[in-house]
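>>> curious how this folds, go ahead:
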Amino acid sequence: MTRTLTLYSRPGCHLCEHLETELHAMLEGRDVAVRIVDITDDPALEREYLIRIPVLTDGTTELSEYPLDRARVMRWLDGE
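Next comes the predicted model:
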């Protein structure tokens, strides 16, 4: 069963692009999808994440901001 991570981002955010690139490299060969959410499409998300993006969640728990918390993401991937 595919698990999903959500990356809150916005267009033109170089930190977001960098985190996304690192994340995809970590996920290679794993059954995990990454859903990119553009915070500029939702005023509530923009208020919540504007100065914090990129923010990576598993839908309920924030796993990382920038820089990518590789250890925490690995624990999530390993089911810990």
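
>>> work out for me the element Glu17 sits within.
Using DSSP states H and E, Glu17 sits in helix 14-27.

>>> got the residue ranges for the helices in the protein?
Per DSSP state H, the chain carries helices over the ranges 14-27, 43-49, 70-77.

>>> what's the local residue count around the nearest residue to Leu19 once chain neighbours are set aside?
The shortest distance from Leu19 to any residue that is not its chain neighbour, by CB to CB, 6 or more residues apart in numbering, is 4.6 Å, and that residue is Pro54. (Glycine included, C-beta is placed from N, CA and C.) Counted by other CB atoms under 10 Å, the residues lying close to Pro54 total 24.

>>> and Pro54, how far from Leu27?
Distance of Pro54 to Leu27, given as CB to CB, to the nearest Å: 15 Å.

>>> still on that earlier bit, can you give me the buried ones in the helix holding Glu17?
Taking 16 or more other CB atoms under 10 Å as the basis for neighbour counts, the residues of helix 14-27 that come out buried are Cys16, Leu19, Glu20, Glu22, Leu23, Leu27.

>>> near Leu56, how many other residues are there?
Close neighbours of Leu56, defined as other CB under 10 Å, add up to 26.
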